[in-house]
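> Quick one, structure for this:
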Amino acid sequence: MEKHSMSFGKKERVLNYACQTYQLSRPNKVGEVMALIRECQPSTLEEWRVWYFDNAFTKGKQPTKISETDLEELGERLYVKIKEVVMPEWIAAFNELTKQDCIDYIYNLTINRTYDGYEREKSVVSDGLAKLFPKLIFEESDPELDHAGDVDYVAKVGERAIGIQIKPVTSSANFGGYSLSERMQTGFSAFKEKYGGRVFVVYSLDGEIANREVIEDIREELHRLSEMS
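Sure, this is the predicted structure:
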């Protein structure tokens, strides 16, 4: 299969980091690109490019049509953020970094954060979702599914199921506008094809569900699945 993506070499890590940190590729900036390309079903890159600029709108309360100038402006904003914010912050971090910082980081990542994440997941599911939806059977996803689709729990309802991904609020400054990566969108779509239901991102704050609106979204999805039976 021919690849069309550009290669940025070593610069790609910096570009990815800054783009995600400052949320410059979110749907409210570039539209729902995976949904758009599936709607387009293009046979060539040029067909997709033309269709995108004819049909892409930002996602939000006041959607606006996206132009090539808009993407150029996003690129300029990315450049400014890297030059004026990211680079100074990283240079300062590099200069202050010690060997003990690296040792402590690996230990903290492996032991402390893993345990915190485990406790967070258990609390959100056992004390939150399971009580709100007593008819659902929550099961921890198998490692292969978790790796492939970023799904922490599979909640079964009859022959179908929904997926649950649990994230700490600190992983996003605005959890309500959390933007899925292309890989995650693909994984979530694969989950829906296999189990029939959507995957929901549930944010945890001290073991409580932070984005409470997701509860109604789950309830609506369960209603949709029950009507399919």
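> Could you use CA atoms for every contact and neighbour count after this?
Fine.
> which stretches of the chain form helices?
Here the chain has its helices, by DSSP state H, at 11-21, 27-30, 33-40, 45-55, 68-81, 87-96, 99-107, 113-122, 130-132, 143-149, 182-195, 213-228.
> what angle do the fourth one and helix 33-40 make?
This points to helix 45-55. Counting by axes from the mean of the first three to the mean of the last three Cα atoms, to 10 degrees, helix 45-55 points 110 degrees away from the direction of helix 33-40.
> Equivalent analysis for the fifth one, please.
With the same axes, to 10 degrees as the criterion, the two stretches helix 68-81 and helix 33-40 enclose an angle of 160 degrees.
> so how far is helix 68-81 off the chain centroid?
Averaging C-alpha coordinates over helix 68-81 and over its chain gives two centres that are 22 Å apart (Cα atoms, centre = their mean, to the nearest Å).
> again, but for stretch 80-98
Once both centres are worked out by Cα atoms, centre = their mean, stretch 80-98 turns out to sit 25 Å from its chain's centre.
> And for stretch 188-207?
Averaged over its C-alpha atoms, stretch 188-207 has a centre that lies 10 Å from its chain's centre (Cα atoms, centre = their mean).
> show me the contacts for Y203.
166-169, 175, 209-211 (Cα atoms under 8 Å, 6 or more residues apart in numbering).
> how about low-confidence regions in the protein?
Low-confidence segments of the chain, defined by pLDDT under 70: 143-149, 170-182, 229.
> switch to 50 and redo it
Low-confidence regions of the chain, defined here as pLDDT under 50, cover residues 147, 171-177.
> Tell me the spacing between N28 and P63.
Taken as Cα to Cα, to the nearest Å, the spacing of N28 relative to P63 amounts to 8 Å.
> and what of Q41?
As judged by Cα to Cα, Q41 and P63 stand 23 Å apart.
> Show me what stretch 222-229 is in contact with.
160, 196-197.
> rerun that using 7 Å as the cut-off
The contact list for stretch 222-229 (Cα atoms under 7 Å, 6 or more residues apart in numbering) is empty.
> Next: stretch 24-35.
The contact list for stretch 24-35, computed with Cα under 7 Å, 6+ apart, reads 19, 56-60, 66, 74, 179.
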